[in-house]
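Colleague: the following comprises the amino acid sequence and a computationally predicted model.
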Amino acid sequence: METSIPYGSPQALSIQSVGLFASCMQRQTIINRLTGKLPQQPDAENKLRFHSPNDMPIVRCKDLSSGAGDEVSFDLVRPIGGKPIMGEAYAEGKGARLDFSDDRLRINQYRKPVNAGGKMTQQRTPHKLRELARAVALNYFMRYEDQSTLVHLAGARGSENNIEWAIPLESDPDFAEIMINPVRAPTRNRHYIGKAGSLARVSATANELDIATTDLMTTDVLDALRTKLESMPLPPQGVKFEGDLQANDSPLRVLLVSSEQYTSIAKSTNFRTLQAQAMARASTAKNHPIFMGDVGLFNGILIVRMPKPIRFFAGDVVRWCASTTSLVETAVDLVPAAFGTGFAVDRAILLGGQALCEAYGKSRQSAQPYFWSEVPMDHGDKLEVLVGAIGGKSKIRFEVDFGNGLEYTDNSVIAIDTAVALIP
């Protein structure tokens with residue numbers, strides 16, 4: 001027997017919603033390949049280590065039931081320090097106190113309607129407008145999901161703008177509501193500028209960032225970044241891709257770069273060697289799709305092109321934090337005017353495990369995060385289709401004790417700003 005669900009059937013909504021959610025979550029994009037699962041309470045014991053067992057940059061929670069609230073909280077167990085108790089010295093009553101830091105995100109509903117035209121429009125065209133409207137809406141949501149993730153991780157939207165962007169500029173009055181959770185500039189200890197083949201903390205002179213058009217992304221910058229990771233306390237944890245046999249002995253971090261930064265790295269070394277190294281690592285990681293395509297592996301850093309650049313042009317404001325003990329953002333410093341129209345500042349994003357959390361609720365219509373709706377209008381003459389979801393994303397940030405005081409810290413994200421040459 002042939003299964004048939006006619007238009008208007010009560011079952012159509014639920015079944016289409018399941019398929020729509022599966023399509024979005026299984027989309028083969030770079031952002032979606034960086035996704036893991038949010039830890040549940042039984043994993044709490046594992047959090048006592050310096051890193052949790054969730055080893056992917058993006059953790060996801062889909063367990064919010066309908067009516068369960070619009071916030072998700074997640075906790076960090078701060079590491080303990082101090083001296084051990086030696087020999088027969090009295091240890092009772094000297095136990096180190098467990099200390100926690102927490103962060104949270106909100107979820108909200110977001111929807112996109114597409115007009116599929118009236119009966120005469122559908123009569124005049126050979127295209128199946130209902131199917132096309134659904135495909136167009138799904139593509140839009142894929143872009144929205146990926147780009148909102150990218151903007152949260154980068155801590156900025158940037159100024160590059162064209163029809164492919166589903167996220168408006170920060171100057172748009174609806175920007176904050178569309179992003180659901182605040183887009184937070186990188187914390188002071190997780191934000192650098194690639195300068196002269198090395199790394200420097202973000203600084204400004206006379207309200208202009210201390211960056212020159214020659215401060216490009218190169219393998220020297222990557223070397224400095226790896227050295228910094230090895231020397232900093234509590235660095236972003238390594239990413240463990242499923243089946244990666246070298247994950248424990250040779251941990252990876254993922255560096256998302258713009259196409260221009262990628263080209264700059266490729267010009268500064270024999271990039272084919274880096275691509276070969278990535279392929280060799282893929283062979284020991286069950287050929288995880290993150291290693292496929294134009295990726296390179298350099299000194300434990302997997303170089304991957306991001307889908308859209310986070311880009312600032314000459315005269316653009318770049319928000320940054322001047323203190324490790326305050327979340328106040330400096331919002332008066334500009335990309336130098338000397339960059340003109342030939343150069344810009346692009347933001348690369350280094351990711352370790354558990355950098356961003358995304359949570360999804362269950363819609364009343366389908367009991368799934370994503371839902372689908374078709375509404376006939378004008379007495380059935382016209383049709384509007386709509387795709388929607390209930391969810392939210394946020395970069396994970398904690399107040400971390402590094403042994404000499406508490407510092408606000410983006411959990412597993414490091415932003416590196418460099419100059420790029422623009423192609424006219």
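Modeller: On my side now, so go ahead.

Colleague: when you work out contacts or count neighbours from here on, use the C-alpha atoms and nothing else.
Modeller: Will do.

Colleague: what backbone torsions are found at the residue in the chain sticking out farthest from the centre?
Modeller: Residue farthest from the centre of the chain, counting by C-alpha atoms, centre = their mean, is residue 88 at 49.9 Å. Main-chain dihedrals, residue 88, degrees, to the nearest 10: phi -100, psi 20.

Colleague: from what I can see residue 166 touches residue 150, true?
Modeller: No. Using C-alpha atoms under 8 Å, residue 166 is not in contact with residue 150; the gap is 11.9 Å.

Colleague: so which of those two has more stuff around it?
Modeller: Taking residue 166 and residue 150 together and counting by other C-alpha atoms under 10 Å, residue 150 has the greater number of neighbours (23 against 18).

Colleague: quick one, what contacts the more buried one?
Modeller: Residue 150 makes contact with residue 31 under the criterion C-alpha atoms under 8 Å, 6 or more residues apart in numbering.

Colleague: likewise for the one 5 residues further on?
Modeller: Remark: with contacts taken as C-alpha under 8 Å, 6+ apart, residue 155 is in contact with 183, 184, 185, 186.

Colleague: okay, now the unreliable bits of the stretch 301-424 of the chain?
Modeller: 365, 379 (pLDDT under 70).

Colleague: swap the cut-off to 80 and go again
Modeller: Regions of the stretch 301-424 of the chain meeting the criterion pLDDT under 80 cover residues 362-368, 372-385, 403.

Colleague: which stretches of the stretch 151-300 of the chain form helices?
Modeller: 175-179, 219-231, 259-267, 271-283 (DSSP state H, counting those that start in this stretch).

Colleague: buried stuff in the shortest one?
Modeller: Pointing back at helix 175-179 there. 175, 178, 179 (16 or more other C-alpha atoms under 10 Å).

Colleague: SS state for the residue lying closest to the last one once chain neighbours are set aside?
Modeller: What that stands for is residue 179. Counting by C-alpha to C-alpha, 6 or more residues apart in numbering, residue 148 is the residue found nearest to residue 179 once chain neighbours are left out, at 6.5 Å. On the three-state scheme (DSSP: H, G, I helix; E, B strand; the rest coil), residue 148 is labelled helix.

Colleague: for residue 148, what are its contacts?
Modeller: If you count contacts by C-alpha under 8 Å, 6+ apart, residue 148 has them with 167, 179, 393.

Colleague: which one of those residues is nearest residue 249?
Modeller: Checking the contacts of residue 148 against residue 249 with C-alpha to C-alpha, the nearest one is residue 393 at 31.2 Å.

Colleague: so where's the stretch 51-200 of the chain uncertain?
Modeller: Applying pLDDT under 80 to the stretch 51-200 of the chain picks out residues 51-82, 96-103, 114-136.

Colleague: let's see 50
Modeller: Applying pLDDT under 50 to the stretch 51-200 of the chain flags the ranges 51-53, 66-67, 124, 126.

Colleague: circling back to that earlier point, measure the residue nearest to residue 179 to residue 394 for me?
Modeller: 9 Å (C-alpha to C-alpha, to the nearest Å).

Colleague: before we move on, back to that, what's the separation between the residue nearest to residue 179 and residue 190?
Modeller: In terms of C-alpha to C-alpha, residue 148 sits 20 Å off from residue 190.

Colleague: for the residue nearest to residue 292 when sequence neighbours are not counted, report the pLDDT, please.
Modeller: Nearest in space to residue 292, with sequence neighbours left out and distances taken as C-alpha to C-alpha, 6+ apart, is residue 279 at 7.6 Å. On pLDDT, residue 279 comes in at 83.

Colleague: and residue 111, bridged to which residues?
Modeller: residue 388 (DSSP bridges).

Colleague: and it, what does it touch?
Modeller: Counting by C-alpha under 8 Å, 6+ apart, residue 111 has contacts 386, 387, 388, 389.

Colleague: of the residues you listed, closest to residue 348?
Modeller: The shortest approach to residue 348 among these belongs to residue 389, at 28.8 Å (C-alpha to C-alpha).

Colleague: quick one, strands of the stretch 51-200 of the chain?
Modeller: Using DSSP state E, counting those that start in this stretch, the strands of the stretch 51-200 of the chain run over 58-61, 71-77, 100-106, 108-118, 191-195, 198-201.

Colleague: got a list of what residue 196 touches?
Modeller: By C-alpha under 8 Å, 6+ apart, the contact list for residue 196 reads 214, 215, 216.

Colleague: try 7 Å
Modeller: Each residue near residue 196 by C-alpha atoms under 7 Å, 6 or more residues apart in numbering is listed here: residue 215.

Colleague: how much space separates it from residue 218?
Modeller: According to C-alpha to C-alpha, residue 196 and residue 218 sit 9 Å apart.

Colleague: also residue 246?
Modeller: According to C-alpha to C-alpha, residue 246 stands 26 Å off from residue 218.

Colleague: those two: who's more crowded?
Modeller: Neighbours were counted for residue 246 and for residue 218 using other C-alpha under 10 Å; residue 218 has more, 23 against 14.

Colleague: wait, the more buried one sits on residue 263?
Modeller: No. The criterion here is C-alpha atoms under 7 Å, and residue 218 misses it with residue 263 at 9.4 Å.

Colleague: now the strands for the stretch 251-400 of the chain?
Modeller: Assigned by DSSP E, counting those that start in this stretch, the strands in the stretch 251-400 of the chain fall at 253-257, 296-298, 301-305, 311-312, 320-321, 329-330, 343-351, 356-360, 370-377, 382-395, 397-401.

Colleague: so which of the ones you listed comes closest to residue 100?
Modeller: Closest to residue 100 of the strands of the stretch 251-400 of the chain is strand 397-401 (C-alpha to C-alpha; 9.0 Å).

Colleague: quick one: strands adjacent to whichever helix or strand comes after the closest one?
Modeller: Counting by DSSP states H and E, the next helix or strand C-terminal to strand 397-401 is strand 406-410. In the sheet, strand 406-410 lines up against strand 397-401 (antiparallel) (DSSP bridges).

Colleague: between the partner strand and strand 100-106, how many degrees?
Modeller: Per axes from the mean of the first three to the mean of the last three C-alpha atoms, to 10 degrees, the angle that strand 397-401 makes with strand 100-106 is 170 degrees.

Colleague: quick check: angle from strand 397-401 to strand 356-360?
Modeller: Strand 397-401 and strand 356-360 meet at an angle of 140 degrees, taking the same axes, to 10 degrees as the criterion.

Colleague: CA atoms of strand 397-401 as CSV?
Modeller: Taking Å, rounded to 0.1, in the frame of the first residue of the first chain, the C-alpha atoms of strand 397-401 are listed here in CSV:
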residue,chain,number,x,y,z
ARG,A,397,31.3,32.5,29.5
PHE,A,398,32.3,31.9,33.1
GLU,A,399,34.1,33.7,35.8
VAL,A,400,37.2,31.6,36.2
ASP,A,401,39.8,31.5,39.0
